[in-house]
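>>> The following block contains a protein sequence and its predicted model.
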Amino acid sequence: MSEQVFEISIPLDEDGFIEMECDYCKTRFMLHKDVYENEDNLFFFCPICGIPNKTNTFFVPEVLEKAQQMAANYMLDELDKMLSKSMKQINRSGFIKMSVKKTERVQERELYTPLNSYVKCRKVCCGIDVKVKNIDKETGTYCPICGCEQ
């Protein structure tokens, strides 16, 4: 069986930031797309709780749900193709006539529009900006790159 690749366009805010969520504290924050896409970063520190995790674990649940919906619909399409071919072969025999009813597809939701309720917080140690909720900025944040608390 071959590998199938799906592309999901994650919405950015007007400054080019991606909304993310920590697996541990479930708090949302935003990183600039250039910081996220930098292949030198194998993991990030959560700016709120400071716990590190792999870069691909910070997707918001809406993005993961969209990916699951796309994969489910692809799987159903492939099953329908395979069953249709089998039914044609069976129907050629002339003894039995069968048909396949297409399975109902999962309605893929459109992705959200990022909220503008975040404030920019400069991390001087690594020279990057991160967007967090105002309360999180006031209580202190960690650098997503090096984990330094400022």
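Cool, the structure landed. Residues are numbered from 1 along each chain as shown.

>>> For Arg122, see how far away the residue lying closest to Tyr142 once chain neighbours are set aside is.
Spatial nearest neighbour of Tyr142, excluding adjacent residues (Cβ to Cβ, 6 or more residues apart in numbering): Gly50 at 4.1 Å. Bear in mind the C-beta positions are built from the backbone N, C-alpha and C, glycine included. Gly50 sits 17 Å away from Arg122, going by Cβ to Cβ, to the nearest Å.

>>> Let me see the contact set for Lys120.
Residues counted as contacts of Lys120 (Cβ atoms under 8 Å, 6 or more residues apart in numbering) are 15, 129-131.

>>> What residues sit buried inside the helix or strand of the chain with the lowest mean pLDDT?
The weakest-scoring helix or strand in the chain, judged by mean pLDDT, DSSP states H and E, is helix 61-92 (a mean of 79). By neighbour count with 16 or more other Cβ atoms under 10 Å, helix 61-92 contains the buried residues 62-63, 66, 70, 73, 83.

>>> and what of stretch 46-54?
For stretch 46-54, the neighbour count (16+ other Cβ under 10 Å) marks 46-48, 50 as buried.

>>> So for this protein, the centremost residue is which one?
When Cα atoms, centre = their mean is applied to the chain, the residue found nearest the centroid is Val63 (3.6 Å).

>>> nearest spatial neighbour of it, skipping sequence neighbours?
Among residues not flanking Val63 along the chain, Ile10 sits closest, at 5.8 Å (Cβ to Cβ, 6+ apart).

>>> Check Cys126 too.
Ile145 (4.1 Å).

>>> That neighbour in helix, strand or coil?
coil (DSSP: H, G, I helix; E, B strand; the rest coil).
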